[in-house]
Each structure stands twice: as structure tokens, then as C-alpha cells.
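K.L.:
Sharing a sequence plus its predicted fold:
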Amino acid sequence: MNRLYYGDCLAVMQEMRLNSVDLVYLDPPWNSNRAYNAIYRDSTGMELPDQIEAFCDIWELTPERESVIRNMPVLMAQAGVEDAAGKLWQLWMTALRGTQPRLLAYLLYMTERLIVMKGLLRPTGSIYLHCDPTASHYIKTLMDAIFGHRNFRNEIVWKRSNPKSLGSVNLAASTDTILRYSKGDKVIFHQPYENHDPSYVASAYKYRDKNGAYRLLPLLNPNDNRPNLTYEFLGVTRVWRWTRERMQRAYDEGVVVQLTPGAVPQYKKYLTDSKGRTVTNCWTDINQAAGKEALGYPTQKPIALLKRIIAMSSNEGQTVLDPFCGCATTICAAHELNRRWIGIDIAYHAIKRVAQVRLQDEYGLVEGEHYTVSGVPRTVEGAQGLWHQDKYGFQRWAIEQVNGFVTTKRTADGGIDGRLFFALPNENRLHSMVLEVKGGRNIGINIVRELRGTLDRDEATMAGLIVMEPLSDRQHQNFMREMFHAGNLDVMGVQYPRMQVLSVADIIAHKTFLTPTVAGRGSGQGSLPLADTRLRK
């Protein structure tokens, strides 16, 4: 069955069976802020405030990443990477640490995942990595090391759009790079073709008979030293491409013609027999996603692009993996081409949007019948299990369940694990609710007091606390008494407590914080009119 996973693709892929995937396509993150802004703009018409920069994927050299860097040569050796490549990694990383630490953090992130992807590919499998010029040359060096330079197949250039602006010293950019590698020497590959240009057809296929338009092509052999193919035919002696028997048979069938006596015979190639124009590594015939296909993501890829890649490097019934599935273009293309698919994304917003808007609404696919969703806790016990397994994963899940966005960067005061943004009437900016998540059992009143202090110091309008265990009656009374002092937000006569608390049981029951219209909860996602948000429970 097809599978949709919520979580970090590294953790998910490490649990998958080796040699189980035929094709990997990935469009990995670089500037997640663009995707986040797209989600909000889709439902509010406004972009996120500048604060959201703290809540995107920030590439920093944390102590955990430094540890992975030190261990990378061992990981590469275990993956079959040559020792020389591992040593080159060490030298390269040392140089980047002092000059481009954020780029180093990103390359480390990618290296860990590319090593695992190689193990998932079947021997005849391929991987396509979609990137922009910011880091494509660095990524290619990594892939040369991990997959082997001999398995480099193509650097595909896709002209995604017309140049939108000119820089003062740079040429305007309008292309993306797609790096194609195979796992081994034998690889699935089906040559793609595109439609002929009408002007080319008019000039080349200028002859016509009862069978349709055709062109005339030479029958001469480029190798002059072929005695067995040297003979006289229709009064002309040449070194021919075909044997005498095949030549005579084609002539009898009317495929070989001699325009005038003594002229070199030629053969007819009918337009109906042409597969089309051979596609090269320069793709200019596929436009950006537009119209009904466009979901508002600036980095969304057109389904035609993915259908070409999937048709080119897999067969029907085989499995396609997209570890950063985002708005599910790869999944949709795989479904239309009768491939099995696996999609992974770390954002619950993306998984929710994929499952409902694209799989269910567009294709009529039913969860449990056509695909499964894994990694999303559906019970309190499941949430507790996630907390014990991955505390940050639990925090991310809890925040995104209430339509918030996770921060990876704390303020000096702490107490901010995420933010939930919402719109107010007659204002052209978004307001926010700061969110704090506590997964432990011992939650004291001091947590509420600290969160209230954060609300007072921060530019946020509201604050929300998420706890694992439901509050006891006494805890609830104490928490409500402290939160009461933060006051209410009055919006069109509706009162919203500025501080609120939810338990995991509440979240499982689909309860959310009481706020004005939440950015990210757009049409079809349970949005309610502003005055009705008090009914959300």
C-alpha cells in the first residue's frame, strides 16, 4: 500500500527496508520561510511577519551536528564510500567551518540523508536531486562521493520560468538544476521524447503520399570499410546501411525511393513513425505550475516535470520515494503513472494538506484503503510514545496540530516553542500567539507565570500552553487564576482569553486554542468566520 509519513525523513528512512525503492526524487529544503509564507498567504492574503525567520529551518552548527561531522568518515565507510572521499570530506568540512558554517550545516544535513537513500535504492534504481545554483555544485561533489562518479548520469537544466528581474551585477536566473545518479551500472531508463516543433515538421516532412507526411533520409553507411555492405543498387554503387536483401524488401514495399535515375536512393520516414524530438538534458518545454495546479507554494514543481522523471526511470508498479514531499506533486505524478509511492514530510501542515486537498479531493483516494498515514499520533498513548521516542518530534506535532509553527531558535527569555498566527479585522498584519509545550508529568504554576512573563515581554498578542496530562481540578483552578490576570482580547465583541491551556487529550479530540481566524486554517481545513471562532470547541 502507498504510504505517507509525518516526521524527519532521516528517522523514517532509517526504519525502511534496504533495496526497497526504485526511484528517489527530492527537492530538499533550503529556505523554508518561502513555503511557510505560502501556507499563510493562502488563507489570509498576508505574508508572515519578520518574526517567522526564527521559526524556519535554520542551518546552524549545533553540538549534535558537530558530533555527526566528526563521525561522518565512519558513516561514509559503512555506506561503502571510498576512503579517499571520506578524507576529502574532512578537509572540505574543515575549510567550510570557518568560512560558511551555515552551508556546512546544510551539507551535513544532506549527506546524512543521501547515504541512507543510497541504501534504500534497488540495484537498478535512480535518484534525482532538485536544487538551485546556491549549493548545486557542493551537492554534486557529495553525490559523486556517495554514489560514485561513474554513476553520475546527467545534470539536467530545467528552464522553470522567464527571468523576473535583473540584478545590478548578475544575470537574471531562470533555471534549476536536477542531478541524476544511478545506484549501479545497470539502470532503468526510458528515453523521453517531446513533440516536434510545427515549423520543423513543415520543413522536414514536406513530402506526402497515401500513408501521410514523410521525410527522406540517407541510406549511406558512415563506415566506408564494409565490403559486405558494398554493392550496386538501382544503378548506384555505395557502402549501404542495409544488406541487399533488406534494401530490396524495403524498395518493394515502397519505403526506398529513387527520385531520379542515377540518384542515390533514400528511404521514407513517416511522421507517424517518429517518437518525437529526443529530449536532452536541457528541458525548456515544461512550464511552472499554474492555474488550478498551483497551490501557492513558490517552490512547487509542475506535475509534468515529475511525470517525465518517473516515466524515464521507473516501470509501472515500481516504488517512488519523495522524502520531502511537500505539496505532493511527486505523489500525484506517481499515482497517475501507476507507480507505488512513499511520501515523507516533517511539516504536519503539509501532510494534512496532501491527505485532504490532493489525495482525497483531487483523486478520491481513501486513507486506509489506498494509502496509510504514519507518524501522526491519534491517541494519548501514541503521543506519549512519541514524546519518549523524540521529544522535539512531539513538540513539533503538538504545535502543528493546533495550526502553529515550530521555532528552532529560542529567545533569551525562553518559553517560546512555536507561534500561531491569526488575523484581526481591518489590520494588514498578522498577530501571534506564543506557544509552549510541556511533555512531562510535573507541571507547576511557575510554568504559567514564566509564560505570562514571556507574553508581557514579547510582541505577541496571546499565549498558549500545551501539556501532556490533563490538569487536576486544583491545577486547573490555579492555572486559570494566573491566566486570568493576562486579560482578554476583545474582537468585535467576542472575548478571547489572552492565555489558554490545552492538554494532549484536548488536541486528540480536535480542540484548538480560541483565537480569531487562524492563518493556515483555510478553506476546506475547518476555518470558521471570525465571530464564530468561540464555537470551535
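P.N.:
Ah, there it is.
K.L.:
show me where pLDDT drops low in this structure?
P.N.:
Applying pLDDT under 70 to the chain picks out residues 30-58, 164-167, 296-298, 408-415, 518-537.
K.L.:
and the longest strand for it?
P.N.:
Looking across the chain with DSSP state E, the single longest strand is strand 121-131.
K.L.:
Centroid-wise, who is the farthest residue in the chain?
P.N.:
residue 235 (62.4 Å; Cα atoms, centre = their mean).
K.L.:
Look up the closest residue to it, ignoring the ones flanking it.
P.N.:
Excluding the flanking residues, the one nearest residue 235 by Cβ to Cβ, 6 or more residues apart in numbering is residue 262, at 6.0 Å. Glycine gets a C-beta too; all of them are placed from N, C-alpha and C.
K.L.:
The one you found - that's part of a helix, no?
P.N.:
No. Under DSSP: H, G, I helix; E, B strand; the rest coil, residue 262 sits outside any helix and is assigned coil.
K.L.:
Can you show me the strands along the stretch 151-300 of the chain?
P.N.:
152-159, 175-182, 193-194, 207-209, 212-218, 230-233, 236-239, 256-257, 266-270, 277-278, 282-283 (DSSP state E, counting those that start in this stretch).
K.L.:
Give me the buried positions along the first one.
P.N.:
Neighbour-count burial for strand 152-159, with 16 or more other Cβ atoms under 10 Å as criterion, is recorded at 153, 156, 158.
K.L.:
Give the bridge partners for the residue nearest to residue 179 when sequence neighbours are not counted, please.
P.N.:
Leaving out its chain neighbours, the residue that sits closest to residue 179 by Cβ to Cβ, 6+ apart is residue 129, at 4.6 Å. Residue 129 has these beta-bridge partners by DSSP bridges: residue 26, residue 179.
K.L.:
From residue 308, how far off is residue 129?
P.N.:
As for residue 129, its distance to residue 308 is 16 Å (criterion: Cβ to Cβ, to the nearest Å).
K.L.:
Also residue 12?
P.N.:
Taking Cβ to Cβ, one finds residue 12 at 26 Å from residue 308.
K.L.:
sorry, back to before: could you pull up phi and psi at the residue farthest from the centre of the chain?
P.N.:
Note on residue 235: backbone dihedrals following degrees, to the nearest 10 are phi 80, psi 10.
K.L.:
What of residue 110?
P.N.:
According to degrees, to the nearest 10, residue 110 has phi -70, psi -40.
K.L.:
what number of residues lie near it?
P.N.:
23 (other Cβ atoms under 10 Å).
K.L.:
Residue 288: what's it in contact with?
P.N.:
160-161, 294, 302 (Cβ atoms under 8 Å, 6 or more residues apart in numbering).
K.L.:
do the same with residue 126
P.N.:
So residue 126 contacts 22-24, 153, 180-183, 187-189, 313-314 (Cβ under 8 Å, 6+ apart).
K.L.:
Mind putting those into CSV with distance to residue 481?
P.N.:
CSV is the format used below for these (distance: Cβ to Cβ, whole Å):
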residue, distance to residue 481
22, 60
23, 58
24, 54
153, 66
180, 62
181, 61
182, 65
183, 62
187, 67
188, 66
189, 69
313, 63
314, 61
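K.L.:
So which other helices or strands are in contact with the host helix or strand of residue 447?
P.N.:
Assigned by DSSP states H and E, residue 447 belongs to helix 445-457. Packing partners of helix 445-457 (3 or more Cβ pairs under 8 Å, 6 or more residues apart in numbering; DSSP states H and E): strand 430-438, strand 462-467, helix 473-484, strand 499-503.
K.L.:
and those, which is most packed in?
P.N.:
strand 462-467 (a mean of 26; mean count of other Cβ atoms under 10 Å).
K.L.:
How about residues contacting that one?
P.N.:
398-399, 402, 404, 420, 431-438, 443, 447-448, 451-452, 454-455, 479, 486, 489, 496-504, 507, 513, 515.
K.L.:
Show me how far it is from its chain's centre.
P.N.:
31 Å (Cα atoms, centre = their mean, to the nearest Å).
K.L.:
and it, which strands flank it?
P.N.:
strand 430-438 (parallel), strand 499-503 (parallel).
K.L.:
Show me which positions of the longest strand of the chain end up buried.
P.N.:
121-122, 124-131.
K.L.:
Closest one to residue 279 out of these, please.
P.N.:
Checking those against residue 279 by Cβ to Cβ gives residue 128 as the nearest, at 14.2 Å.
K.L.:
show me what contacts residue 271?
P.N.:
196, 201, 205, 212-215.
K.L.:
mind putting those in JSON lines, distance to residue 95 included?
P.N.:
JSON lines is the format used below for the contacts of residue 271 (distance: Cβ to Cβ, whole Å):
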{"residue": "196", "distance to residue 95": "49"}
{"residue": "201", "distance to residue 95": "53"}
{"residue": "205", "distance to residue 95": "56"}
{"residue": "212", "distance to residue 95": "62"}
{"residue": "213", "distance to residue 95": "59"}
{"residue": "214", "distance to residue 95": "60"}
{"residue": "215", "distance to residue 95": "55"}
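K.L.:
any idea which of these has the most stuff around it?
P.N.:
Going by other Cβ under 10 Å, residue 214 tops the contacts of residue 271 with 22 neighbours.
K.L.:
Test my guess that it contacts residue 207.
P.N.:
Yes. Shown here, residue 214 and residue 207 form a contact pair, counting by Cβ atoms under 8 Å, at 5.2 Å.
K.L.:
how about the following helix or strand past the longest strand of the chain: buried residues?
P.N.:
Per DSSP H and E, the first helix or strand lying C-terminal to strand 121-131 is helix 136-147. For helix 136-147, burial by neighbour count (16+ other Cβ under 10 Å) applies to 136, 138-147.
K.L.:
which helices and strands does helix 136-147 pack with?
P.N.:
Counting by 3+ Cβ pairs under 8 Å, 6+ apart, helix 136-147 packs on helix 83-99, helix 101-120, strand 121-131, strand 152-159, strand 175-182.
K.L.:
which stretch among these comes nearest residue 356?
P.N.:
strand 121-131 (25.0 Å).
K.L.:
by how many degrees do the helix holding residue 447 and strand 430-438 diverge?
P.N.:
Interaxial angle of helix 445-457 relative to strand 430-438 (axes from the mean of the first three to the mean of the last three Cα atoms, to 10 degrees): 160 degrees.
K.L.:
got the contact list for stretch 253-269?
P.N.:
207, 209, 214-220, 233-236, 238, 247, 250-251.
K.L.:
neighbours of residue 192, just the number please.
P.N.:
Neighbours of residue 192 using other Cβ under 10 Å come to 18.
K.L.:
you'd agree it is up against residue 310?
P.N.:
No. In this structure, residue 192 is not within contact of residue 310 by Cβ under 8 Å, at 10.7 Å.
K.L.:
quick revisit: got the angle between the longest strand of the chain and helix 136-147?
P.N.:
Using the same axes, to 10 degrees: strand 121-131 against helix 136-147 is 170 degrees.
K.L.:
still on that earlier bit, mind checking which of the contacts of residue 288 are buried?
P.N.:
160, 302.
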